[in-house]
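K.L.:
Provided below for reference: sequence and predicted model.
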Amino acid sequence: MTLTLEKTEQALAPLVEVKDLKHVYGGGKGGPGLVVLEDVNLTLKADEIVGLLGRSGSGKSTLLRSIAGLITPTAGTVSVSDVPGDDAAHGVAMVFQSFALFPWLTVQKNVEVGLEAQGVPADIRRKRTLAAIDLIGLDGFENAYPKELSGGMRQRVGLARALVVQPSVLLMDEPFSALDVLTAETLRTDLLDLWSEGRMPIRSILLVTHNIEEAVLMCDRILVFSSNPGRVIAEIKVDLPQPRKRLDPAFRALVDDIYARMTAKPKAPAREGHFPGTGLGMALTHISTNTLNGMIETLSGGPYNGSADLADLARELQMEADELLPIAETLQLMRFAELAGRTLRLTAPGKRYDSFDVDQRKQMFAQHLLAYVPLAAHIRRVLDDRASHQAPASRFRDELEDFMSEAYAEETMDSIISWGRYGEIFAYHEDDDRFSLDDPA
C-alpha cells in the first residue's frame, strides 16, 4: 500500500519545476545589466500542454533555454524529473524556431544526431530514427537533404530529431513562426493529433509563442508574461474541448480576454496629462511612420469607423499580438488613439490627422511628438539653446543608458531619429552621429 502511494505521488509530481528564477544579461564593467526574467515560478505536470505567451523581449525563450540547460540562470532553480517507471522517457528535448539542421546531412542522419551523441548502438539508432521519421510524416524522404525540403518539412525533421531521444518533456520555441500560415496550421493540427492519440513518446509540452490564437488552440494552460522584466502576470486554464474552433464564441471570448490582459497597464499614479511611467527614460519601440499612418487609416475606414477590437484587427491584418500591440501603444502615446481593454479607438486628434494631407499630417505629428514624447522635446530644446544648434547623439544615448539597457537605448534613439525626421523637428547626420537644426520645420 505504501509503495503504491509513493508511485502515485511520483506520477503526480511536476515534470518541470522552476522556482524564483531570475536572469540578467550583461552587467559587466560594474553596470547593472538587463534583467530579462525576475521571480518566475512555473510547474509542468504530465499530460498537459502549457503555453508561454508574451511579447518579444519578455524572456520566454530565455526561460525555455534555462529549462533545457542551455544557459544558467542568474538566480533561482530549475528541476526536471524523469517519468517514474518508464526508462525510455527522461529529460527534455527542444524544437527551435529556426530549423537548425545540418545542411550536409540527410534527413535520417539529422534525426540520428542526438542518439549518436548519446552513444546509442547503430542498429537501435536506425530503428528509432526511421520510426520517428515515419511518425511525423516524412517517410520516403530519409535520404533527402535539407535544401530539398520545404520549410514545413524541415521543421518536421526538427520535431523528429527531438522526439527520437524519447524525452519526457518537449520544449518548443515558436516552432511555427517561420512557416507560412497554411503550413503552420497543418503542422499544428498534425502535432495535436499525435498528442491526443498518445503516439508521441513524451508526457508534456512547453510551448513558447506570441500568437494568442495558437496558444488557445493548443494549450491546456497559458502563462502570460509581462516585459521588462519578464514575469508571469496571469495563468489561464483553457477548458475548451479539442479539436477547438476559432469561430466558437467561447474561443473568441478567451482570445479577447487575453488581449485585454496583455494590454492592461500596471496601476501607478500619474500626473495630469501624462501616462503612467512616461518620462525621459521611457523606452520606445521603433514603429515606422508609414505603419502608424496605415493603422490610423485602417481604423478610420470601414468596417471599424474609428474603433476596433484588437483580436478582429489582428485577424484582418494577419498580425500577431507581438506586432499589433506596440503599434497600438505608440498611437496611444501620441494621443492619436486610445486603448480601452481590448478595444483600440481613434481620438479626436487621430480622426483629424486621418483627414489631413501629407504636409498637414507632418505638422500635426511634430506637435504631438514634442508634446507627448519627452525625449523628442529634450533634444529639440538642447538644439534650440545651443548657438551652433548642434549636439552629438551620443550625449542623449548616454542619458538613456542611465535608465535602460544599451539595446533599448539604441532602439529608442532609432525611434526618435525616424519620428523627428518625419516631423521635421530636427535633422540627424549619420556620418558623425549628430543632431542639428539644419533642416528645421
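P.N.:
Great, that's in hand.
K.L.:
which residues does residue 189 contact?
P.N.:
Contact analysis of residue 189 by CB atoms under 8 Å, 6 or more residues apart in numbering lists residue 243. (C-beta placed from N, C-alpha, C; glycine too.)
K.L.:
typo on my end, it should be residue 381
P.N.:
Listed by CB under 8 Å, 6+ apart, residue 381 has no contact partners.
K.L.:
how far away is residue 416 from residue 369?
P.N.:
9 Å (CB to CB, to the nearest Å).
K.L.:
more neighbours: the two, which one.
P.N.:
Neighbour count, other CB atoms under 10 Å: between residue 416 and residue 369, residue 416 has more, with 25 against 21.
K.L.:
the more buried one is in contact with residue 375, isn't it?
P.N.:
Yes: counting by CB atoms under 8 Å, residue 416 touches residue 375, with 5.5 Å between them.
K.L.:
and for these two, which residues touch both?
P.N.:
Common contact partners of residue 416 and residue 375 (CB under 8 Å, 6+ apart): 284, 396.
K.L.:
count residues in the vicinity of the closest residue to residue 181 other than its chain neighbours, would you?
P.N.:
Spatially, and ignoring its direct neighbours in sequence, residue 181 is nearest to residue 318 (7.3 Å; CB to CB, 6 or more residues apart in numbering). Residue 318 is flanked by 8 other residues according to other CB under 10 Å.
K.L.:
per-domain residue ranges of this structure.
P.N.:
Domain ranges of the chain: 11-261, 272-441, per automatic domain parsing.
K.L.:
make CSV from those and add mean pLDDT to it.
P.N.:
Below are the domains of the chain laid out as CSV (pLDDT from 0 to 100):
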stretch, mean pLDDT
domain 11-261, 83
domain 272-441, 85
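K.L.:
could I get the full set of helices for the stretch 51-200 of the chain?
P.N.:
Secondary structure of the stretch 51-200 of the chain (DSSP state H, counting those that start in this stretch): helices at 60-68, 107-117, 122-135, 151-163, 181-196.
K.L.:
the nearest residue in space to residue 120 that is not next to it in sequence and residue 116: what is the separation?
P.N.:
Leaving aside its sequence neighbours, residue 120 sits nearest to residue 128 (CB to CB, 6+ apart; 7.4 Å). Here residue 128 is placed at a distance of 11 Å from residue 116 (CB to CB).
K.L.:
okay, those two: which has more neighbours?
P.N.:
residue 128 (20 against 12).
K.L.:
just checking, the more buried one touches residue 114?
P.N.:
No: using CB under 8 Å, residue 128 is not in contact with residue 114; the gap is 10.1 Å.
K.L.:
just the buried residues of the longest helix anywhere in the chain, please?
P.N.:
Taking DSSP state H as the criterion, the chain has its longest helix at helix 406-423. Going by neighbour count (16 or more other CB atoms under 10 Å), the buried part of helix 406-423 is 408-409, 411-413, 415-420, 422-423.
K.L.:
for those, which one is nearest residue 380?
P.N.:
Proximity of those to residue 380 (CB to CB) peaks at residue 420, which lies at 7.9 Å.
K.L.:
show me what contacts the closest residue to the closest one other than its chain neighbours?
P.N.:
Leaving aside its chain neighbours, residue 420 sits nearest to residue 426 (5.1 Å; criterion: CB to CB, 6+ apart). For residue 426, the contact set (CB under 8 Å, 6+ apart) comprises 379, 380, 383, 420, 435, 436, 437, 440.
K.L.:
quick one: which of these sit in strands?
P.N.:
Taking DSSP state E, the ones among the contacts of residue 426 that sit in strands are 435, 436.
K.L.:
which of the contacts of residue 426 are buried?
P.N.:
By 16+ other CB under 10 Å, these give 379, 380, 383, 420, 435, 436, 437 as buried.
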